[in-house]
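Q: With the sequence up front, the predicted model follows.
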Amino acid sequence: MSNTTWGLDPTHSSLGFKIKHLMISNVTGNFAQYTVNVTGSDFETASVEVNISVDSINTNNADRDGHLKSADFFDMANFPLIVFKSTSMTKTNEGQYTLKGDLTIKDQTRSIELNAELGGMSKDPWGNEKIAFEVTGIVNRKDFGLTYNAALETGGVLIGEDIKVIAELQFAKQATA
């Protein structure tokens, strides 16, 4: 069976997140620079590798972005990349997959599980084969040494532990070998 490589179409993709702030609302953000490569004979045997540039974090607040890049959080000077490498992708329903893999943040690697929903496959007006997935999941930031926080005088903490990952990813078929 042949292997197909799918390359990310960055103009039709986004990689975002949200996290609780003051325990009452969410702060959202995204990463502007990342690569995603998918290779396999089908999606259940595919390998997925994601490399995310910490420097590209954007929460629409320059001071907060700077703090997130500091040693209190991602420590970008020492750990400029966040890396995900899949270990399995299992079909759970029609168009639904569980994507398992190893996530590395600040040199700490943990196994995580994400949901991947197939948006569909199509050809664009120029004949290029495209495929899209929505990938969602929850990652506990403390598992990766992102422990900065502040207690609130009313109880609770400034920042939640769970980061909700929300990615809309469109790929273009690159090659079949």
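A: Yep, it's here. None of the values given here were measured: they were computed from a predicted structure. Numbering: from 1, shown residues only.
Q: what does stretch 131-148 rub up against?
A: With Cβ atoms under 8 Å, 6 or more residues apart in numbering as the test, stretch 131-148 has contacts from 6, 12, 19, 72-74, 99, 103, 105-106, 108, 110, 112-122, 159, 161-171, 173. (Each C-beta comes from the backbone N, C-alpha and C, glycine too.)
Q: Specify the strand with the largest residue count in the protein.
A: As assigned by DSSP state E, the longest strand anywhere in the chain is strand 159-176.
Q: what residue ranges in this protein score low on pLDDT?
A: Residues of the chain meeting the criterion pLDDT under 70: 1, 175, 177.
Q: Sketch out the strands for the chain, chain order is fine.
A: Using DSSP E, strands in the chain cover 4-8, 14-21, 25-31, 34-40, 47-53, 57-58, 81-93, 96-105, 108-123, 129-140, 159-176.
Q: For the ones you listed, give me JSON lines that also has mean neighbour count and distance to Ala151.
A: Converted to JSON lines, the strands of the chain look like this (neighbours: other Cβ atoms under 10 Å; distance: least, Cβ to Cβ, whole Å):
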{"stretch": "strand 4-8", "mean neighbour count": "19", "distance to Ala151": "40"}
{"stretch": "strand 14-21", "mean neighbour count": "17", "distance to Ala151": "14"}
{"stretch": "strand 25-31", "mean neighbour count": "15", "distance to Ala151": "18"}
{"stretch": "strand 34-40", "mean neighbour count": "19", "distance to Ala151": "33"}
{"stretch": "strand 47-53", "mean neighbour count": "18", "distance to Ala151": "30"}
{"stretch": "strand 57-58", "mean neighbour count": "19", "distance to Ala151": "25"}
{"stretch": "strand 81-93", "mean neighbour count": "15", "distance to Ala151": "27"}
{"stretch": "strand 96-105", "mean neighbour count": "18", "distance to Ala151": "24"}
{"stretch": "strand 108-123", "mean neighbour count": "14", "distance to Ala151": "24"}
{"stretch": "strand 129-140", "mean neighbour count": "17", "distance to Ala151": "19"}
{"stretch": "strand 159-176", "mean neighbour count": "17", "distance to Ala151": "11"}
